[in-house]
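J.: this one's sequence-less:
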């Protein structure tokens, strides 16, 4: 029996995702597919364009059998935290045999080597890393240089394999090593890279699709079912939700926390709190606010994630514990009729409790060996992030709180 | 030399206030008048309709010589905290000789007697208070009954002197006693009570005036200068600001804090957190939100104040310390040319540092005996409340942060 695990955001699901899914199935020929998917906030530090319930529907229509939510505390972290949460979620099901991820490179051997260096943390590597950090580089960049130094002797040129684009892939592999996972990793070269130029030009990226939705243009490159789901959501006023919609709340939150308050939170090192406080004083929209904070070290994505850390009062200790102990539950967002069987298997084998209905959460926690306080914190954040996302809907009447207290979506 | 102190909100300043000011001057014949005025949030638990800078201008035009800000931590408390802060502010100037306040009753002897009971806290009174609290009454109501029991023997009927309307007056008198103040208290019977019916009908209350502004009607009952100032502020989009404008922020804040978070804060006892969490789930405006929380015990005003406590993350310890130690600075909002002389006297005699320019705050703290950490907390809250109020302006371009970093208003 083979169960394929994939890590997705589907913001929104487009033809590139369908291509990836079909290629993965050809490669692995699985009996079932389970996806771990970001909830209402995604790794770019943005609210998802439509909520996790609508995106779950897209995933199921595309052929995923069971969709599990990646808890928010992981979904909004950098590549390392995101990968840690995603891999630990798939691992916790205890049924996934293979995972496939997209990559700019199809050289899994090299990616594995880079992942080893991160995981092993040799003395030589650590010395090199310290050197670059002392030079004032950000951690991701310092690490990239330190890794380069290690592998150049082996004839691997990190630049050539586009390390920065493959960072997630390397992190997935590193997380697999750290958890001593038995899941087999496979790579599929992403469309958008060189060998498949014809196809690329007809498949816009998720970014391009969100852009065309924002400007009200006709959206191409998405399957018919994505189109229908988006249309339905938008016509009800449940989106589209954009980063811009966070601005009024962000401004107030930054003012209320102040520099001291920000610096108590996760991720506010290297002077970003000071820059944020300064920028908020005369910014009148998200774009100008972010632009005022941006430096070489603080990319837009890093800043936007930190905006979310502020909005969610994300505490350092909570993030640290979450990364160490992994997700404390498997929140089922949806499944197909076929997926029902897989779900039963997961229920039987998973190392963490299944949460199908948030109302029964307390009961779920009794069942298995979980860190109850951490589980509560993780689920609380998921519920709050759904509530927050809901408040960003265009239609006031759709802004109903606690939409998380519902059954998983089931489709035929 | 006589210096008259008055405690005001001027939200906005109307003809009733002018009447009160003129009557006070006739009564006391002071050389100068100093007002302690609520900043951008007022005791009703609402944002002021226009900001403290515009309202300072009204006060100066009406004949006040110096306007001092009542720190936010007092301005948004119940009658007891409000009175404590206001009296301690006037006391700290060390120049105020007389204070006058409006009252429904002109029987200062009886009000003094009621104040004594509160201050003295006899064993009998405390037993009686406990009895009513045990019956489930709110503190203000339990206290009212306990006081009634004490004074009935003396032939004073608390109901008859409209105790509930005179609560602020009694609190002022109690605060004067507690601080062993040498300031002489005087009462002026408020218009709106029985003896002056003709005049009343032509002077609407501040509530009625705000209502007519909200509905866009022509506003009567305000002096020409108030009218001009309001017109100017509104035409620039700096208001009018209403409680309703807080709703989107309140909803998010309540969701993010959750019941546990709310219950950590000042004022969230007696189950109000639970009611608030429940009410927020399907409320789509401030009015319906408040209506869902309201009970006999929780009046609208008490709830609205608690909404502000949530928005400002008001901590119990901070409020307790503020009430115990009083305001740690005298923030000068404005003065007239005449008031310059009074300001110099205050500078010379005050027991707390004068803050004319917030930028020089740290320097001001060095000068006198202050609780520096408390001073910082108090001023921080004042700055944040101005910033918050500014974000509620209609005109995005007027939403400039840190408007507090300006000199006091000076008019001829």
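T.: Here it is on my side, so go on. Remember, it's a predicted structure, so these values are computed and weren't measured experimentally.

J.: helix/strand/coil for the nearest residue in space to residue A:311 that is not next to it in sequence?
T.: If you skip the residues right next to it in sequence, residue A:311 has residue A:253 as its closest partner in space, 5.5 Å away by C-beta to C-beta, 6 or more residues apart in numbering or on different chains. To be clear about C-beta, it is placed using only N, CA and C from the backbone, and glycine gets the same treatment. Here residue A:253 is helix, with the state taken from DSSP: H, G, I helix; E, B strand; the rest coil.

J.: count of residues packed around residue A:253?
T.: Using other C-beta atoms under 10 Å in any protein chain shown as the criterion, residue A:253 is surrounded by 22 other residues.

J.: so which residue is dead centre in chain A?
T.: The residue at the geometric middle of chain A, judged as the C-alpha nearest the mean C-alpha position with C-alpha atoms, centre = their mean, is residue A:75 (3.8 Å).

J.: can you report phi and psi for residue A:3?
T.: phi -120, psi 120 (degrees, to the nearest 10).

J.: now the residue nearest to the centre of chain A: closest residue in space that isn't a chain neighbour?
T.: The shortest distance from residue A:75 to any non-neighbouring residue, by C-beta to C-beta, 6+ apart, is to residue A:38 (4.0 Å).

J.: ok so, going back, report pLDDT for the residue nearest to residue A:311.
T.: At residue A:253, the pLDDT value in this model is 97.

J.: that one is in contact with residue A:312, isn't it?
T.: No - with contacts counted by C-beta atoms under 8 Å, residue A:253 stays clear of residue A:312, the gap being 9.5 Å.

J.: report the separation between the residue of chain A positioned farthest from its centre and residue A:135.
T.: Here chain A has its C-alpha centre computed as a mean, and the residue farthest from that point, by C-alpha atoms, centre = their mean, is residue A:153 with 33.5 Å. Taken as C-beta to C-beta, to the nearest Å, the spacing of residue A:153 relative to residue A:135 amounts to 21 Å.

J.: now residue A:363
T.: Look at residue A:363 and residue A:135: by C-beta to C-beta, they are 53 Å apart.

J.: residue A:12 too?
T.: 41 Å.

J.: now residue A:365
T.: Relative to residue A:135, residue A:365 is positioned 46 Å away (criterion: C-beta to C-beta).

J.: so which of those two has more stuff around it?
T.: Remark: of residue A:365 and residue A:135, residue A:365 carries more neighbours, 19 against 10, as counted by other C-beta under 10 Å.

J.: element containing residue A:177?
T.: Residue A:177 belongs to helix A:167-178 when elements are defined using DSSP states H and E.

J.: could you pull out the buried residues of that helix?
T.: Within helix A:167-178, the residues that count as buried by 16 or more other C-beta atoms under 10 Å in any protein chain shown are A:167-177.

J.: over to stretch A:268-281?
T.: Neighbour-count burial for stretch A:268-281, with 16+ other C-beta under 10 Å as criterion, is recorded at A:268, A:272-273, A:275-277, A:279-280.

J.: using TSV, lay out these together with pLDDT.
T.: Putting those into TSV (pLDDT from 0 to 100) gives the following:
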residue	pLDDT
A:268	95
A:272	94
A:273	96
A:275	96
A:276	97
A:277	96
A:279	96
A:280	94
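
J.: ok, and which of those residues reach chain B?
T.: The overlap between those and the neighbourhood of chain B (criterion: C-beta under 8 Å from any C-beta of the partner chain) consists of residue A:280.

J.: for the buried residues of stretch A:268-281, which one is nearest chain B?
T.: Ranking the buried residues of stretch A:268-281 by separation from chain B, with C-beta to the nearest C-beta as the measure, puts residue A:280 on top at 6.2 Å.

J.: what are the boundaries of the strands in the stretch 1-150 of chain A?
T.: Across the stretch 1-150 of chain A, reading from the start of the chain, the strands by DSSP state E, counting those that start in this stretch fall at A:3-8, A:32-38, A:41-42, A:46-47, A:66-70, A:98-103.

J.: tell me which of these is the most buried.
T.: Comparing the strands of the stretch 1-150 of chain A by mean neighbour count (mean count of other C-beta atoms under 10 Å in any protein chain shown), strand A:66-70 comes out on top with a mean of 29.

J.: show me what that strand is packed up against.
T.: strand A:32-38, helix A:52-61, helix A:79-93, strand A:330-336, helix A:339-349 (3 or more C-beta pairs under 8 Å, 6 or more residues apart in numbering or on different chains; DSSP states H and E).

J.: direction included, what does that strand pair up with?
T.: In the sheet containing strand A:66-70, its partner strands are strand A:32-38 (parallel), strand A:330-336 (antiparallel), by DSSP bridges.

J.: of those, which is nearest residue A:392?
T.: Residue A:392 sits nearest to strand A:32-38 of all the strands paired with strand A:66-70, at 15.9 Å, using C-beta to C-beta.

J.: which residues touch the closest one?
T.: A:2-11, A:21, A:24-25, A:48, A:52, A:55-56, A:59, A:63-70, A:75, A:86, A:89-90, A:93, A:95-96, A:333, A:338-339, A:341-342, A:346 (C-beta atoms under 8 Å, 6 or more residues apart in numbering or on different chains).

J.: repeat that for 6 Å
T.: Residues outside strand A:32-38 that contact it (C-beta atoms under 6 Å, 6 or more residues apart in numbering or on different chains): A:3-9, A:59, A:64-68, A:70, A:75, A:86, A:89-90, A:342.

J.: how about the residues of the stretch 151-300 of chain A by chain B?
T.: Listed as neighbours of chain B in the stretch 151-300 of chain A under the rule C-beta under 6 Å from any C-beta of the partner chain: A:249, A:252, A:255-256, A:281-282, A:284.
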